[in-house]
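Novice: Kindly return the folded structure for what I paste below:
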Amino acid sequence: MLRLILLRHAKAAPQAGGGDSERPLTQRGRGDAQRVGDYLAGHGLFPDLAAVSTAKRTRETLELALETFGEPCPVAAEPRLYLAETPILLELLRATPSFVQVLLAVGHNPGCHEFAMLMVGHGDPVARARLEAGFPTAAFAVIDFEAANWAEVRPGSGVLDRFVTPADLG
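Specialist: Predicted coordinates for the structure are as follows:
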């Protein structure tokens, strides 16, 4: 089984001197990112690899989330994740190395929401309804695939294990 943890970056400042890609997290965003990390670690959701957009807000989200893991996680900064749409996200997913069983991908909307909706075919109906309603900042979807490798993963083949938002984390 392969597992994708698809995480949208936490709340970011509306503007930054260096443009959109340099927007930092807000205070709320920093707290949400830490709570996401606490949840992932507390539920044994440890990635074998974290792929992250090169935007400042995604890198900060990942850094804060990984602080609670206790052991390092390999990180791959992927420029194509920046504001990526579903075709690029699917291409990147299928190119994931074979040693990765659990992939954490940190990206942006609308790509995260559209990609999650494309990939999920089954799963918890309540979580699916919540996912359909939107993908807020610092939310994440855990999607499982019955595939031997990432290249075999197809749209609609994922099972939604859970969908968690910052509101769920208190």
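
Novice: Arg23: what's it in contact with?
Specialist: Applying C-beta atoms under 8 Å, 6 or more residues apart in numbering, we find Arg23 in contact with 12-16, 55-57. In this view, the C-beta of every residue, glycine as well, is placed from N, C-alpha and C.

Novice: I'd like the distance between it and Lys56.
Specialist: Per C-beta to C-beta, to the nearest Å, Arg23 is found 6 Å from Lys56.

Novice: what do these two both touch?
Specialist: Joint contacts of Arg23 and Lys56 (C-beta under 8 Å, 6+ apart) are Ala16.

Novice: which one of the contacts of Arg23 sits closest to Met119?
Specialist: Ranked by distance to Met119 (C-beta to C-beta), the contacts of Arg23 are led by Ala55 at 22.0 Å.

Novice: Counting neighbours, what do you get for the closest residue to the closest one other than its chain neighbours?
Specialist: Distance criterion C-beta to C-beta, 6 or more residues apart in numbering; nearest residue to Ala55, sequence neighbours excluded, is Ser21 at 4.7 Å. Using other C-beta atoms under 10 Å, Ser21 has 15 neighbouring residues.

Novice: Next one, pLDDT for Ser21 please.
Specialist: The score at Ser21 is 94. That number is its pLDDT.

Novice: ok but Leu103 is inside a helix, no?
Specialist: No. If the criterion is DSSP: H, G, I helix; E, B strand; the rest coil, then Leu103 is strand and not within a helix.

Novice: what are the bridge partners for it, then?
Specialist: Bridge pairing for Leu103 (DSSP bridges) gives the partners Leu4, Leu49.

Novice: buried stuff in the longest helix seen in the chain?
Specialist: If you go by DSSP state H, the chain has its longest helix at helix 27-42. Using 16 or more other C-beta atoms under 10 Å as the test for burial, helix 27-42 gives 29-37, 39-41.

Novice: quick one on the thing from earlier: closest one to Pro74 out of the contacts of Arg23, please.
Specialist: Pro74 has its nearest neighbour among the contacts of Arg23 in Ala55, at 19.5 Å by C-beta to C-beta.

Novice: Cheers, nothing more for now.
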